[in-house]
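> need a 3D model of the sequence below.
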Amino acid sequence: MTYAWIIVPFALITLVTTLASAVRPRFARRMGASAVAAVVLVVLTAVFDNVMIAADLFTYPEHNISGIRIGLAPIEDFSYPLCAAFLVPAVWTLLIPRSRT
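Numbers count the residues shown, from 1 in each chain. As a prediction, this is how the structure comes out:
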């Protein structure tokens with residue numbers, strides 16, 4: 001199984017949950033904040049993944065990644081912070097009772 005296939009369920013859960021939260025107030029504002037958070041998380045992932053890979057703390061088997069890299073980090077590594085930036089606010093919004101949103 002490749003890392004790309006492992007990402008699929010997380011991406012689908014993120015997409016479905018984020019779309020479900022679209023009916024709640026301030027969706028556009030939340031998406032803007034999520035986009036800013038995503039940029040910050042991607043930059044941090046790029047920096048720290050490259051440092052950890054360069055320090056030989058871990059490696060990725062070539063047959064499990066797409067081969068597309070940002071520095072030393074495979075592109076697949078960036079999907080998790082992207083999902084987190086959108087999924088966490090969506091879940092939080094859906095957990096708040098409607099009377100408070």
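
> quick check: which element contains the closest residue to L82 other than its chain neighbours?
Closest residue to L82 apart from its sequence neighbours, by Cβ to Cβ, 6 or more residues apart in numbering: A38 at 5.3 Å. In short, each C-beta sits where N, CA and C put it, glycine included. Assigned by DSSP states H and E, A38 belongs to helix 27-54.

> following that helix, which helix or strand shows up next?
Assigned by DSSP H and E, the successor of helix 27-54 is strand 69-70.

> list of residues touching that next one?
By Cβ atoms under 8 Å, 6 or more residues apart in numbering, the residues outside strand 69-70 that reach it are 46, 50, 75, 78.

> can you rerun that using 6 Å?
Applying Cβ atoms under 6 Å, 6 or more residues apart in numbering, the contact partners of strand 69-70 are A46.

> then stretch 83-95 to PDB, C-alphas only?
Provided in PDB are the C-alpha atoms of stretch 83-95 (Å, rounded to 0.1, in the frame of the first residue of the first chain):
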ATOM      1  CA  CYS A  83      -6.500  17.900   6.500                       C
ATOM      2  CA  ALA A  84      -5.900  19.000  10.100                       C
ATOM      3  CA  ALA A  85      -6.300  22.700   9.100                       C
ATOM      4  CA  PHE A  86      -9.700  22.100   7.700                       C
ATOM      5  CA  LEU A  87     -11.000  19.100   9.700                       C
ATOM      6  CA  VAL A  88     -10.400  20.300  13.300                       C
ATOM      7  CA  PRO A  89     -12.400  23.600  12.800                       C
ATOM      8  CA  ALA A  90     -15.100  21.700  11.000                       C
ATOM      9  CA  VAL A  91     -15.500  19.100  13.800                       C
ATOM     10  CA  TRP A  92     -15.300  21.800  16.400                       C
ATOM     11  CA  THR A  93     -18.100  23.700  14.700                       C
ATOM     12  CA  LEU A  94     -20.300  20.600  14.400                       C
ATOM     13  CA  LEU A  95     -19.800  19.800  18.000                       C
END
